[in-house]
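*Asks:* Need the 3D shape of this:
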Amino acid sequence: MKKRKSIPWQPLSQKHKDYIRRCMDCTFNFAEGAVRSGKTTANVLAFSYLLEKSPDRLHLATGTTLSAALTNIGDCNGFGLEHIFRGRCRWGKYKGNTALFVKTIEKGEKTVVFAGGGKADSYKRIRGNSYGIWIATEVNRHFISGDDRCFIDEAFNRQLAAKMRRVLWDFNPDYPTHPIYTGYVDKYIALRLDVNHEKFCIRDNLSVSAQRRAEIEAQYEVGSFWYKRAILGERAAAEGLIFPQFASAPEKWTVSSVPDDVSHIIIGVDYGGNSSASAFVAVGMKKDRNGVVILRDRKIRGRKGEITPDMIENEFILFVKMLQDNFDIPVTYAFMDSEAQYLTAGVVMAARKAGLKIAIADSVKKPIAERIAIKSRLISQHRWSVMDCCKNVIASTATQMWDPYSPDRRLDNGSCDIDTADAEEYAWERFIRW
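*Replies:* Okay, the predicted model is just below:
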């Protein structure tokens, strides 16, 4: 007798069961909720049931990126489509797109096209096809606009000929006026369309133990908008200080000596603009990327035209040599502001002439909101610290504000030191993940 590997399903809450049942009949199905609340798994389950019944041959699965779609929907920590249909599915290509071909029991073979929807040109990947069911993860991070580049509108257009149209979205709560609400979720509910909308929190997921739930909750600052969104599953706007925990008691994260577990030093560099300063920040990376400590910072003040490439090059070389003289820790990388290639080219040449053995590359420049979220988590977990001599980093971290007119954006009007913040984040953004 051939043994088959089974999926280790945990009990579903009654809320999840009811939501999945409603998905069978409702056109628009929106699972909104906190992290680890089971919303994605619920949609994947509903999608798999619907796929067996759908008369349509072609279907769509999307994430912010293709990788996110494959990870969250295709795999889903062992509960995704490739596991549910194990033995009845295969990965391949459909018109250049990654696709999962599924043999259903009643309706023959179905094709699920996977795509990313987070960029302005993402809509091009799904044009030309007609889809029946559309499942999307983190849909609030898909590209939304008021023109024909809007990914969500394009996906809807691709479903107009569906014989059994279904939309299955999951997303974490966002700021209350996010276009995912004003243009779709809340709007469709107000119009009394065929909507199945459910809000989930981490306590609705019966597979998460009390101990694990406590560990997850400890990663967020209680009372912060991240805590409200990620743990409570509430919509919340970012306002006031970005790092209130640190601002209220900087001494809790300030150290006078280098921790023993720092393995190497990374430098982040932000080039000054019209009225801002150029900033250098040296970050000590702890072993196993378990945290960071800010070791030194430096600013070159001057308006546009006053800071020359020679000044940047000389200051950089002096900064690296100072680190080498003060710390018995290797200085391995420097990540530079990617918007001034001519300055970086000069720094690379100057560093070679000076005999500095350090790898110099462009910053990744992850979205600012993502970098802020990472640092907030590091602070909450006490995995971020700063040496007491780093006055620029201390002041910048304590005074950064949310922009009251641009949701989830950092205020950048000269009232606080954003240059130092950027330089610090460039140093660790490749190695510390959200």
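*Asks:* the helices in the stretch 301-434 of the chain, which residues?
*Replies:* Counting by DSSP state H, counting those that start in this stretch, one finds helices in the stretch 301-434 of the chain at the ranges 309-326, 341-353, 368-380, 391-399, 418-428.
*Asks:* so which of the ones you listed comes closest to Val112?
*Replies:* helix 368-380 (28.1 Å; CB to CB). Yep, even glycine has a C-beta here, placed from its N, CA and C like the rest.
*Asks:* and the closest one, what other elements does it pack with?
*Replies:* Applying 3 or more CB pairs under 8 Å, 6 or more residues apart in numbering; DSSP states H and E, one finds that helix 368-380 contacts helix 225-230, helix 244-248.
*Asks:* mind checking the SS state of the nearest residue to Ile105 once chain neighbours are set aside?
*Replies:* Nearest residue to Ile105 in three dimensions, chain neighbours excluded: Glu52, at 6.1 Å (CB to CB, 6 or more residues apart in numbering). Three-state call for Glu52 (DSSP: H, G, I helix; E, B strand; the rest coil): helix.
*Asks:* picking that back up, return the most buried member of the helices and strands packed on helix 368-380.
*Replies:* Across the helices and strands packed on helix 368-380, averaging neighbours per residue (mean count of other CB atoms under 10 Å) puts helix 225-230 on top, at a mean of 21.
*Asks:* In this structure, where is pLDDT below threshold?
*Replies:* Per-residue confidence for the chain (pLDDT under 70) gives these ranges: 1-5, 273-276, 302-306, 433-434.
*Asks:* Tell me how far the residue nearest the centre of it lies from Val364.
*Replies:* Closest residue to the average C-alpha location of the chain: Glu370 at 5.4 Å, with CA atoms, centre = their mean. Distance, Glu370 to Val364, by CB to CB, to the nearest Å: 10 Å.
*Asks:* Identify the residues contacting the residue lying closest to Lys15 once chain neighbours are set aside.
*Replies:* Using CB to CB, 6+ apart and skipping the chain neighbours, the partner closest in space to Lys15 is Asp204 (5.3 Å). Counting by CB atoms under 8 Å, 6 or more residues apart in numbering, Asp204 touches Ser13, Lys15, His16, Gly33, Ser37, Gly38.
*Asks:* Which helix or which strand is home to the closest residue in space to Phe319 that isn't next to it in sequence?
*Replies:* Residue nearest to Phe319 in three dimensions, not counting chain neighbours: Phe280, with 4.9 Å by CB to CB, 6+ apart. Counting by DSSP states H and E, the element that carries Phe280 is strand 278-286.
*Asks:* and the angle from the helix or strand following that strand to helix 391-399?
*Replies:* Per DSSP H and E, the first helix or strand lying C-terminal to strand 278-286 is strand 292-300. For strand 292-300 against helix 391-399, the angle by axes from the mean of the first three to the mean of the last three CA atoms, to 10 degrees is 110 degrees.
*Asks:* Name every strand pairing with strand 292-300 and say which way it goes.
*Replies:* Using DSSP bridges, strand 292-300 pairs in its sheet with strand 278-286 (antiparallel), strand 384-387 (parallel).
*Asks:* ok, and which of these has the densest surroundings?
*Replies:* strand 278-286 (a mean of 26).
*Asks:* what's the angle from that one to helix 341-353?
*Replies:* 60 degrees.
*Asks:* Could you list the alpha-carbon positions for strand 278-286 in PDB?
*Replies:* Extracted as PDB, the C-alpha positions of strand 278-286 are listed here (Å, rounded to 0.1, in the frame of the first residue of the first chain):
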ATOM      1  CA  SER A 278      25.900  64.400   3.600                       C
ATOM      2  CA  ALA A 279      26.000  61.800   6.400                       C
ATOM      3  CA  PHE A 280      28.100  58.800   7.200                       C
ATOM      4  CA  VAL A 281      26.900  56.200   9.700                       C
ATOM      5  CA  ALA A 282      28.900  53.100  10.900                       C
ATOM      6  CA  VAL A 283      26.800  50.200  12.000                       C
ATOM      7  CA  GLY A 284      28.100  47.100  13.900                       C
ATOM      8  CA  MET A 285      26.300  44.000  12.600                       C
ATOM      9  CA  LYS A 286      25.900  41.400  15.300                       C
END
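*Asks:* Contacts only, for Ile29.
*Replies:* Not Ile; residue 29 is Asn. With the criterion set at CB under 8 Å, 6+ apart, Asn29 makes contact with Tyr19, Arg22, Cys23, Asn43, Ala46, Arg166, Val167, Leu168, Trp169, Val195, Asn196, His197.
*Asks:* For it, which three-state class applies?
*Replies:* strand.
*Asks:* pretty sure Cys416 is touching Thr397, no?
*Replies:* No: the pair Cys416 / Thr397 is not scored as a contact, 9.6 Å apart, by CB atoms under 8 Å.
*Asks:* still on that earlier bit, neighbours of the residue nearest to Ile105, how many?
*Replies:* 13 (other CB atoms under 10 Å).
*Asks:* cool, Val292 as well?
*Replies:* 23.
*Asks:* Spit out the contact partners of it.
*Replies:* With CB under 8 Å, 6+ apart, Val292 has these contacts: Val283, Gly284, Met285, Lys286, Leu378, Arg383, Trp384, Ser385, Ala427, Trp428, Ile432.
*Asks:* List the beta-bridge partners for the fourth one.
*Replies:* Note on Lys286: beta-bridge partners Val262, judged by DSSP bridges.
*Asks:* surely it meets Leu295?
*Replies:* No: Lys286 is not in contact with Leu295 according to CB under 8 Å; the separation is 11.8 Å.
*Asks:* what's the angle from the strand holding Phe280 to helix 418-428?
*Replies:* Using the same axes, to 10 degrees: strand 278-286 against helix 418-428 is 40 degrees.
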